[in-house]
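**Q** Sharing a model that was predicted from the sequence below.
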Amino acid sequence: MADERAFEAEREVGRIHTFFPILPALGNRWAAKRPWEGKTVALNLHLTTLTAALVRELALGGGQFVVSAANPHTTDAGAVDLLRSLGFEVYTGGDGEDRYAQVLAHEPSLIVDVGFDLLAHLLDHRAHQVPTVAGAVEITRSGITRLRRRERLPFPIVNINDGRLKPAVENRHGVGTGLWAAVTQLTGMHLAGRRVVIVGYGPVGSGLAMYARAAGMSVEVVESDPIRRLFAHYDGYPTPSLEDALGHANLLVTATGQPGAITADDLMGRAKSGLVLVNAGHGGNEIDVDSVQRTSQRVDHVADQVARYRLEDGTRVTVLGDGHPLNIVLNSGSPEPVLLHFAVLGLTLEWLATAPPLEAEEVLVPTSIETEAAQTALDALTHG
């Protein structure tokens, strides 16, 4: 079974590279330069076939790469089997062990993280290893928020979430297309004519709204920040309160980056019965599924990744993907935005490994790196 899954994942990676060969182009570069020779790199990522494609190309640049699953609910078994068949150490937590402790036991000198989970484990539980870490990369908005709550950082951490490319391409277009493809795949719903509420109007939320409107949906935006709410207004979306929006919505999508953005208390007495709840944010806790479960009289598992709850007041709500980022759970949508983002990640790792030492602080990804990634993407699109 593992061999079959690995084979299918290998075929998927080949298909991805055929139509957008950005990572093989960089893999050739890293094979020639060997920027990670003699180094250990720890990667805490969502383990999809796209991640497997990235790790394989990175490893051409020398060094040892060890991988942990950022979220068991977004972990693809085929991708794990493929990476293990290629000789990589991959820790998913499936053996009952702490996957972050396992990956840090390899004593990495460079770290890549989503959500600041691996880095927090290092700083809070393995402080003796901190002096051996030369630098790190954080990918997500939620991770940058957690990073900034720290009084000080012991080594440079490069923020690629706030560069020019990730918000404009992956967050806006990648999630914007992938999320709605996942909703249709799971539910069979035709999106046109449905009423959707987007909670949060950052790069992810604005992309979701744009693609929902293009699909014929009626879109409203709930946003607590007045500036972003004004952006939504001038983009042509009504901006009601959450309470008002819930009364007539067919779907609600969270894109806030904050835990507990939607709770059972928000829903009871307010939500239109039959509301479908979807999360597009990195974490699995923007929809407080635990509170929904606690206040439910009944739950029906309608299909894989589809659970319908009957709340205490009789309201029925359906949660997709158990509240985890649905586009990643199903690995849906075009891979191109994610691959571009991975190109930025790989070039940033190369820069960290070869550049003069940086100050121990948050570092915005350099424009030169994003420019090089964009040109590589354009070449792949033109000549792929």
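**A** Perfect, I can see it now. Quick caveat, the model's predicted, so the values are computed rather than measured.
**Q** Now do the same contact list for the closest residue in space to Asp225 that isn't next to it in sequence.
**A** In space, and not counting its chain neighbours, Asp225 is closest to Tyr201: 7.8 Å by C-beta to C-beta, 6 or more residues apart in numbering. Glycine gets a C-beta too; all of them are placed from N, C-alpha and C. The neighbourhood of Tyr201, defined by C-beta atoms under 8 Å, 6 or more residues apart in numbering, consists of 209, 221, 223, 225, 228-229, 231-232, 255.
**Q** Let me see the backbone angles for Phe116.
**A** For Phe116, the backbone dihedrals (degrees, to the nearest 10) come out as phi 60, psi 20.
**Q** Mind putting the contacts of Tyr201 into JSON lines with neighbour count and secondary structure?
**A** As requested, the contacts of Tyr201 are arranged in JSON lines below (neighbours: other C-beta atoms under 10 Å; DSSP: H, G, I helix; E, B strand; the rest coil):
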{"residue": "Ala209", "neighbour count": "25", "secondary structure": "helix"}
{"residue": "Val221", "neighbour count": "27", "secondary structure": "strand"}
{"residue": "Glu223", "neighbour count": "24", "secondary structure": "coil"}
{"residue": "Asp225", "neighbour count": "12", "secondary structure": "coil"}
{"residue": "Arg228", "neighbour count": "17", "secondary structure": "helix"}
{"residue": "Arg229", "neighbour count": "15", "secondary structure": "helix"}
{"residue": "Phe231", "neighbour count": "18", "secondary structure": "helix"}
{"residue": "Ala232", "neighbour count": "22", "secondary structure": "helix"}
{"residue": "Ala255", "neighbour count": "31", "secondary structure": "coil"}
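**Q** Tell me how many other residues surround Glu361.
**A** Glu361: 10 surrounding residues under other C-beta atoms under 10 Å.
**Q** is it true that it touches Pro154?
**A** No: at 10.1 Å, Glu361 does not count as touching Pro154 under the criterion of C-beta atoms under 8 Å.
**Q** one step back: specify which member of the contacts of Tyr201 is nearest to Val158.
**A** Top of the list for closeness to Val158, among the contacts of Tyr201 and by C-beta to C-beta, is Ala255 at 23.7 Å.
**Q** Tell me the confidence at the closest one?
**A** Predicted confidence (pLDDT) for Ala255: 97.
**Q** Look up how far Ala212 lies from it.
**A** Summarising the geometry, the distance separating Ala255 from Ala212, computed by C-beta to C-beta, to the nearest Å, is 11 Å.
**Q** quick one, strands of the stretch 51-200 of the chain?
**A** When assigned using DSSP state E, counting those that start in this stretch, the strands of the stretch 51-200 of the chain occupy the ranges 64-69, 89-91, 110-113, 135-138, 157-159, 195-199.
**Q** so what secondary structure elements neighbour the second one?
**A** Judged by 3 or more C-beta pairs under 8 Å, 6 or more residues apart in numbering; DSSP states H and E, strand 89-91 is in contact with strand 64-69, helix 77-85, helix 99-104.
**Q** before we move on, the earlier item: and the contacts of Tyr201, which two are the farthest apart?
**A** Spanning the widest gap among these are Ala209 and Asp225, at 15.0 Å by C-beta to C-beta.
**Q** Show the backbone phi and psi for the most centrally placed residue in the chain.
**A** Within the chain, one residue has its C-alpha closest to the average C-alpha position: by C-alpha atoms, centre = their mean, that is His282, at 4.7 Å. His282 adopts backbone torsions of phi -60, psi -50, taken as degrees, to the nearest 10.
**Q** Per-residue pLDDT of it, please?
**A** 83.
**Q** That one touches Thr140, doesn't it?
**A** Yes: contact between His282 and Thr140 holds when scored by C-beta under 8 Å: they sit 4.5 Å apart.
**Q** Can you check which residues contact both of those two?
**A** By C-beta under 8 Å, 6+ apart, the residues touching both His282 and Thr140 are 114-115, 257.
**Q** Give me the subset of those residues lying in helices.
**A** By the criterion of DSSP state H, membership of the shared contacts of His282 and Thr140 in helices covers no residue at all.
**Q** who wins for neighbours among these?
**A** Going through these with other C-beta under 10 Å as the criterion, the one with the most neighbours is Gly115, at 24 neighbours.
**Q** With adjacent residues omitted, what lies nearest to that residue?
**A** Of all residues apart from its sequence neighbours, Gly143 sits closest to Gly115 (C-beta to C-beta, 6+ apart), at 4.7 Å.
**Q** Give me the neighbour count for that neighbour.
**A** Gly143 is flanked by 27 other residues according to other C-beta under 10 Å.
**Q** For Arg164, see how far away it is.
**A** Between Gly143 and Arg164 the computed distance is 18 Å (C-beta to C-beta).
**Q** now do Thr48
**A** Distance, Thr48 to Arg164, by C-beta to C-beta: 24 Å.
**Q** Looking at the two, which has the bigger crowd around it?
**A** Of the pair Thr48 and Arg164, Thr48 is the one with more neighbours under other C-beta under 10 Å, namely 22 against 13.
**Q** Just the helices from the stretch 1-150 of the chain, written as ranges.
**A** In the stretch 1-150 of the chain, the helices defined using DSSP state H, counting those that start in this stretch lie at 2-19, 22-33, 49-58, 77-85, 99-104, 117-125, 141-147.
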